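[1] Got a sequence here, can you build the structure:
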Amino acid sequence: MARAVTDAGGRALLVGGYVRDRLRGVEATDLDLEVYGLDLAALERVLARFGEVIAIGRAFGVLQVKGLPIDIALPRLDSKTGAGHKGFEVRCDPGLDFATASRRRDLSMNSMGLDPLTDELLDPHGGARDLARGILRATDPAHFAEDPLRGLRVAQFAARFEMHADEDLLRLCAALDLAELSAERVLEEWRKLLLKGAKPSLGTEILRATGLLRFFPELTALVGVPQDPDWHPEGDCWVHNQMVIDEAARLRDGGPDDEALMFGALLHDVGKPVTTATENGRVRSPNHDVRGVELAARFLERMRAPNELVARVGALVEHHLAPALFIKNGAAAKGYRRLARKLGAAGVTAELLARVARSDHFGRTTEEALARVFPAGDAFLARARELTLERAAPRDVVLGRHLIERGLSPGPEFGAILERCRELQDETGWTDPAQILAQVLGRS
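    Residues are numbered from 1 along each chain as shown. Prediction:
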């Protein structure tokens, strides 16, 4: 494609994240190609040789060839015309030079170009140097504030690449108004921070340091909230939460539970600011797990998170203390089965809950945490496995058809009978419908 562009009198450059990741030793699969020296019509003619051309952003000069993971664009200048991230005037200009066109990009490490034919690196803004130093720096301070989303992008890049923002960039971020952004864009950046972040706390700390955390009041409230030093010698709720999300990141496995794990870890203690009090010289946060469910939902729903995620995170927040408490209190099999049912109703497994609890346990500086042992969590999982509840809730043994076979007619009493059967099953572990029904109907 680059050769065809050259033959037509233009020049094609790889830009953005691909170039950054290549310098980091990571081979990216999604490519961004910027074409200089050709107008849109000429570019479309060149691309037509490779397949059906799709205009995904004709006003912005962005094209694709069907079936290829490549965005092809003309260089452009963006200028802000009003409030909000949509208040832009976009002007494509194939005659721009790369140094000028790349000024519109957010960070120096994202403003590099690479000629795929010659392997020449174009780096007019010092991105390679900043990348090597682990420094996040604005490409052009005059243009940085044109999209408030860049404040969240800085945070997720810091988390993903374990980099630090320079002082000028922190000041630029502090002036941004995230309220201008759509909920969906905000959620997507949080997902990148939590699911791709090698050290998520670096990103959330940038949000705190710049004041952008104020747009997430449930997290802001954690700052400065005291904790019992015996259980949390590491410091206040914010310090603990920072450690917990980093521990949770170590427990990601790339599977479908990672999103609930990370948001569950992020929000597990949001109930503490409204429940924490000092009683007889001891800091207590009674019922913070239960109170946290509503606050976690508020955080996620404001970003229009899927209902499934809201439910899963709510269950993790409500029950994050259960693994330790079950072992401490010597919970019976009945308790494990009931917990598994509650978790299962929200799409959560005991194994996922144990991961959140482990993150919570290791996210502190107690003796066990420093030794990286969690005996209660290990025992909880072992008991759940013994009861075959690690990855699934118990299935009801007695069903409606069993009642019909006994000569009962469907009606309002069905629900009550099935509920008593379920309770007996959880209490005894019986798996024979006849045995359970004999006991329940005998009581009736």
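
[2] in what helix or strand does Arg358 lie?
    Using DSSP states H and E, Arg358 maps to helix 350-362.

[3] Residues in contact with that helix: which ones?
    Around helix 350-362, the neighbours that count as contacts under Cβ atoms under 8 Å, 6 or more residues apart in numbering are 243-245, 247-248, 251, 257, 260-261, 264-265, 268-269, 315-316, 319-324, 336, 339-340, 343, 368-369, 372, 374, 376-377, 380-381, 384, 389-391. From N, CA and C alone the C-beta is placed, and that goes for glycine too.

[4] Kindly recompute the last result at 7 Å.
    Residues outside helix 350-362 that contact it (Cβ atoms under 7 Å, 6 or more residues apart in numbering): 244, 247-248, 251, 257, 260-261, 264-265, 268, 316, 319-320, 322-324, 340, 343, 369, 372, 374, 377, 380-381, 384, 389-391.

[5] and those residues, which are buried?
    Buried members of those, scored by 16 or more other Cβ atoms under 10 Å, are 244, 247-248, 251, 257, 260-261, 264-265, 268, 316, 319-320, 322-324, 340, 343, 369, 374, 377, 380-381, 384, 389-390.

[6] helix or strand right after the helix holding Arg358?
    Following helix 350-362 in sequence, per DSSP H and E, is helix 367-371.

[7] Next, the contact list for Glu301, please.
    Residues near Glu301 by Cβ under 7 Å, 6+ apart: Val310.

[8] Go through the buried ones among the contacts of helix 350-362 and flag which are in helices.
    Of the positions in the buried ones among the contacts of helix 350-362, 244, 247-248, 260-261, 264-265, 316, 319, 322-324, 340, 343, 369, 377, 380-381, 384 sit in helices, assigned by DSSP state H.

[9] one step back: send me the helix holding Arg358 as PDB with only the CA atoms.
    Output of helix 350-362 as PDB, limited to C-alpha atoms (Å, rounded to 0.1, in the frame of the first residue of the first chain):
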ATOM      1  CA  ALA A 350     -16.600 -18.100  44.400                       C
ATOM      2  CA  GLU A 351     -13.300 -18.200  42.600                       C
ATOM      3  CA  LEU A 352     -13.700 -14.600  41.300                       C
ATOM      4  CA  LEU A 353     -14.800 -13.400  44.800                       C
ATOM      5  CA  ALA A 354     -11.700 -15.100  46.200                       C
ATOM      6  CA  ARG A 355      -9.500 -13.100  43.800                       C
ATOM      7  CA  VAL A 356     -11.000  -9.800  44.900                       C
ATOM      8  CA  ALA A 357     -10.600 -10.800  48.600                       C
ATOM      9  CA  ARG A 358      -7.000 -11.800  47.900                       C
ATOM     10  CA  SER A 359      -6.300  -8.400  46.300                       C
ATOM     11  CA  ASP A 360      -7.900  -6.700  49.300                       C
ATOM     12  CA  HIS A 361      -5.800  -8.900  51.700                       C
ATOM     13  CA  PHE A 362      -2.500  -8.300  49.900                       C
END
